[in-house]
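S.K.: pasting the sequence and the predicted coordinates here, then a few questions.
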Amino acid sequence: MNRANPLLRPTAILLVMLSHSIGWGIRGNYGHEFGAMMPGALSALAISLFSGREDWRRRAPFFAVFGALGWAFGGSMSYMPPLAYTHSGHLPTQLYGFLTVFAIGFLWTSLGAAGTAYAAVETRERLTGFFQPLCWILAAWALQYWLEPALVRRWIEARTPQEAAGSFRQLSPLYWLDSDWLGVLLALLALCGYDLWSRRFAKFTRLIGFAAAGAAAGFLVERLLAAAGWSGPLAQALVSIQGDPSAINPATGQPFDPANMITNWPQLFHDLGPHLGWILGLIAGWALYFARYGQWRNGARLPLYMGLGGFAVFLAGPVLASNLLGWMGGFRMVPPRGDNWAFVLGYLLGMIVYMRRRRLEGVIAAALLGGVLGGLGLMAAQFMKILAWMPGNPLLTQDPGVMAAWSHWRSANWHSLLAEQGAGLLYGLAVLPALALVWERTPSPQEESRVGRWTELFCVSFIVNLLVYVNMVKNVADWTRPQAGGFRAVPPIMKAPLLALIELPARAWFDVTFALFTVTTIALLVRHTRKPLAVIPSTWLGKGQLLYLAFLWIIVVGNFTKALVAFHQVRLATEWLIAVNAMIASYLLLAFPPPDRMAPARPRSYAGLVRKTLAAGLPVLLVLTLSFTAAVRSVYGDRHDGYGNRNLRFGPEAEWKMRPVLLDVPHR
């Protein structure tokens, strides 16, 4: 690489690594897709601002949003079991554990790097146009966010009192291998709605015809199968219990009850019964209509391909292939935990197809290079965590003096230090060379006009308002939860000042306050477009720095208030260290902005880069897997190292056998 590349300067490397580490450490307290968006936004902003390219700095808000969205996908995966496998002391499980740790890191980083690179290489017109279908998807997800919990709760309450009392998520009719399939389906439906709207409902009557024909065909097929007596055998071939009914339940001493176990299909499909045929036919009719007439303007094909790819891999793998592999827990990465990894793999494949058609090879190269480095980085972080757990371990020494000397060391929150903040450092380091390659191969666009200026305001509000809200609203549960002695930091219900008639839950007060904050933010942004506000810098570097600092310190302080109600010295390894790193990142951001650099005059080819990345990554993966496993086993042998629970993927005590998902037991 070119040494003049600003992204390869030590200050840039450190800032990007710290940015991702801070966000990743905070993500550990919030989890899932919303939490994973925070480090994605911070590191993408850091890359934009320290690129030295004015065209990338102008796109700082886009970097933040697409970086956040790219890293969000991995947040749906269940990644704790692979880490636990490496601690198990069971050779096949440990080997598998390190391989799946790589897979999780690869999938997570690949889409994160792809989102960041897409903001850099796509044309301004297409980039801003994409926000139209994106808004439709976000609107669908907002409805799901607010309505799904209440609808599911009502459905459960309508069933037996025993089930209603449990309210376990596996009782939901929408539960499907603990995946986000409904969110993907709603995104696809939103894209169909956008396509109709963008075409001003042209040929809408044909949609009705296709749907009616599909429903009729599905109804007839279902009736014919029933008449021929094939419905039962077909259902038997397609449906499999997720677990081993012959295994002995440790809690009862009796074999598991198959009726109390989930299957590879959602309860909704079973409840629909004879209606399933015409409903599937209706969906097939819709699909044929949009395959024939859909135009998918403004980049709507990107989420379309990703969503369809996700469903294709999920159905082919965990759902259908599991019927053939029931003896090993199915075609599932971490049974009995969720299988969103299949959706994420499908998203990646769909993204690659779209980018190849758009000839945006830089996004593909960034995804695969970042993915390989991210997967190896997560493996290394996990291996270091196991090594850090060795000093004073009772399995390795019985000397009371040694154990006492290392007791404080062993009380540290190693999961946060290495699997969270440490992994975040390595994730940031993985994305940086991927974007540095894009920097060197992507010339600046010529005379790029600021079309779609509203999208810049949308991006800022997305980061400062929406992303902050969906994470920080979770603090309310911690503030109102009873602590030792019944103490609550915040009362669960409070009356309005001076108005005793107004009494709202703490969550409602939070929502009202944040709504006012959002309205104020948007009003000021709109005002700035008409008459610039003095507080907002005139340069794109200054604007990006302001956005970075505002978002950084909002989430740092918000994360601290979440932990404050039950603070302990163990939290110094998380909240205190995160705050210190945020101070360092703030100093680097403001004190060491890189000099302006000219982008390459001509694009450079990515030919061979993907092939070389994969060719080099595979042997390194195998060597590290064998080396890490051998090193751990040389210390602990066949014993569990004592960190967490002993989770096994294979053998007679495999977790999917001994602790399957049961309808009357809380889901882990």
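M.R.: Sure thing, it's come through.

S.K.: now the residue nearest to the spatial centre of the chain: closest residue in space that isn't a chain neighbour?
M.R.: In the chain, the centroid-proximal residue (Cα atoms, centre = their mean) is G75; its distance is 2.1 Å. In space, and not counting its chain neighbours, G75 is closest to A36: 3.3 Å by Cβ to Cβ, 6 or more residues apart in numbering. Every residue, glycine included, has its C-beta placed from N, CA and C.

S.K.: how much space is there between that neighbour and R507?
M.R.: If you measure A36 against R507 using Cβ to Cβ, to the nearest Å, the figure is 23 Å.

S.K.: how many neighbours does D244 have?
M.R.: Neighbour count for D244, taken as other Cβ atoms under 10 Å: 20.

S.K.: who has more neighbours out of A36 and R507?
M.R.: Between A36 and R507, counting by other Cβ under 10 Å, A36 is the more crowded of the two (25 against 15).

S.K.: who are the packing partners of the host helix or strand of that one?
M.R.: Here A36 is covered by helix 32-49, with elements defined by DSSP states H and E. Contacts defined by 3 or more Cβ pairs under 8 Å, 6 or more residues apart in numbering; DSSP states H and E place helix 32-49 against helix 10-30, helix 54-58, helix 60-72, helix 91-121, helix 423-441, helix 468-472, helix 540-564, helix 575-591.

S.K.: now the fifth one: average pLDDT?
M.R.: The average pLDDT within helix 423-441 is 95.

S.K.: packing partners for that helix?
M.R.: helix 10-30, helix 32-49, helix 91-121, helix 361-388.

S.K.: quick one: residues in contact with the helix or strand just after the last one.
M.R.: Just to be clear, that refers to helix 361-388. Next in sequence after helix 361-388, counting helices and strands by DSSP H and E, comes helix 400-405. With contact meaning Cβ atoms under 8 Å, 6 or more residues apart in numbering, helix 400-405 is reached by 392, 394, 397.

S.K.: out of these, the closest to F567 would be?
M.R.: For the contacts of helix 400-405, the minimum distance to F567 (Cβ to Cβ) is 25.2 Å, reached by G392.

S.K.: excluding its backbone neighbours, what's nearest that closest one?
M.R.: Spatial nearest neighbour of G392, excluding adjacent residues (Cβ to Cβ, 6+ apart): W406 at 2.5 Å.

S.K.: check M38 too.
M.R.: Setting aside the residues directly before and after it, M38 is nearest to G23 in space (Cβ to Cβ, 6+ apart), at 4.2 Å.

S.K.: from Y548, how far off is the one you found?
M.R.: Taking Cβ to Cβ, one finds G23 at 11 Å from Y548.

S.K.: same question, W265
M.R.: As defined by Cβ to Cβ, W265 lies at a distance of 45 Å from Y548.

S.K.: closest to R154 among the contacts of helix 400-405?
M.R.: For those, the nearest to R154 is P394 (49.9 Å; Cβ to Cβ).

S.K.: if we ignore the residues flanking it in sequence, what's nearest that closest one?
M.R.: M403 (6.4 Å).

S.K.: tell me what the longest strand seen in the chain is packed against?
M.R.: For the chain, the strand that runs over the most residues, judged by DSSP state E, is strand 499-505. Applying 3+ Cβ pairs under 8 Å, 6+ apart, we find strand 499-505 packed against strand 493-496.

S.K.: chain center to the strand it packs on, what's the gap?
M.R.: Distance of strand 493-496 from the chain centroid (Cα atoms, centre = their mean, to the nearest Å) equals 35 Å.

S.K.: cool, and stretch 513-520?
M.R.: Stretch 513-520 has its C-alpha centroid displaced from the chain centroid by 26 Å (Cα atoms, centre = their mean).

S.K.: identify the contacts common to G23 and Y548.
M.R.: Residues touching both G23 and Y548 (Cβ under 8 Å, 6+ apart): L42.

S.K.: out of the helices and strands packed on helix 32-49, which one sits most buried?
M.R.: helix 60-72 (a mean of 28; mean count of other Cβ atoms under 10 Å).

S.K.: quick one: residues contacting the closest residue to L69 other than its chain neighbours.
M.R.: Distances taken as Cβ to Cβ, 6+ apart put G115 closest to L69, at 5.3 Å, once the chain neighbours are dropped. Contacts for G115 (Cβ under 8 Å, 6+ apart) come out as 40, 44, 66-71.

S.K.: from the residues you listed, which is closest to W56?
M.R.: Taking Cβ to Cβ as the measure, W56 lies nearest A44 of these, at 10.3 Å.

S.K.: pretty sure that closest one contacts G67?
M.R.: Yes: with contact defined as Cβ atoms under 8 Å, A44 counts as touching G67 (2.5 Å).

S.K.: ok, L588 to P594 distance?
M.R.: Distance from L588 to P594, by Cβ to Cβ: 11 Å.

S.K.: please produce JSON lines containing the helices and strands packed on helix 423-441, extended by distance to R527.
M.R.: Converted to JSON lines, the helices and strands packed on helix 423-441 look like this (distance: least, Cβ to Cβ, whole Å):
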{"stretch": "helix 10-30", "distance to R527": "29"}
{"stretch": "helix 32-49", "distance to R527": "23"}
{"stretch": "helix 91-121", "distance to R527": "26"}
{"stretch": "helix 361-388", "distance to R527": "35"}
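
S.K.: quick one: which of the ones you listed is nearest K657?
M.R.: Closest to K657 of the helices and strands packed on helix 423-441, according to Cβ to Cβ: helix 91-121, at 12.9 Å.

S.K.: and the angle for the closest one with helix 423-441?
M.R.: Relative orientation of helix 91-121 and helix 423-441, computed by axes from the mean of the first three to the mean of the last three Cα atoms, to 10 degrees: 40 degrees.

S.K.: show me which residues of whichever helix or strand comes after helix 91-121 are buried.
M.R.: Going down the chain from helix 91-121, the next helix or strand is helix 124-129, by DSSP H and E. The neighbour-count check on helix 124-129 (16 or more other Cβ atoms under 10 Å) flags 124, 127-129 as buried.

S.K.: re the thing from before, and the helix holding A36, how far out from the chain middle?
M.R.: Distance, stretch centre to chain centre, for helix 32-49: 12 Å (Cα atoms, centre = their mean).

S.K.: cool, stretch 266-286 as well?
M.R.: Distance of stretch 266-286 from its chain centroid, counting by Cα atoms, centre = their mean, is 29 Å.

S.K.: put the alpha carbons of that stretch into PDB.
M.R.: Extracted in PDB, the C-alpha atoms of stretch 266-286 (Å, rounded to 0.1, in the frame of the first residue of the first chain):
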ATOM      1  CA  PRO A 266     -42.800 -21.600  13.400                       C
ATOM      2  CA  GLN A 267     -46.000 -22.400  15.300                       C
ATOM      3  CA  LEU A 268     -47.800 -20.000  13.000                       C
ATOM      4  CA  PHE A 269     -47.500 -22.400  10.100                       C
ATOM      5  CA  HIS A 270     -49.000 -25.200  12.200                       C
ATOM      6  CA  ASP A 271     -51.900 -22.900  13.400                       C
ATOM      7  CA  LEU A 272     -52.700 -21.900   9.800                       C
ATOM      8  CA  GLY A 273     -53.400 -25.600   9.000                       C
ATOM      9  CA  PRO A 274     -55.600 -25.900   5.900                       C
ATOM     10  CA  HIS A 275     -55.200 -22.200   5.100                       C
ATOM     11  CA  LEU A 276     -51.400 -22.600   4.500                       C
ATOM     12  CA  GLY A 277     -51.900 -23.700   0.900                       C
ATOM     13  CA  TRP A 278     -53.700 -20.700  -0.400                       C
ATOM     14  CA  ILE A 279     -51.500 -18.300   1.600                       C
ATOM     15  CA  LEU A 280     -48.300 -19.700   0.200                       C
ATOM     16  CA  GLY A 281     -49.900 -19.600  -3.200                       C
ATOM     17  CA  LEU A 282     -50.800 -16.000  -2.700                       C
ATOM     18  CA  ILE A 283     -47.200 -15.200  -1.800                       C
ATOM     19  CA  ALA A 284     -46.000 -17.000  -4.800                       C
ATOM     20  CA  GLY A 285     -48.400 -15.000  -7.000                       C
ATOM     21  CA  TRP A 286     -47.100 -11.800  -5.600                       C
END
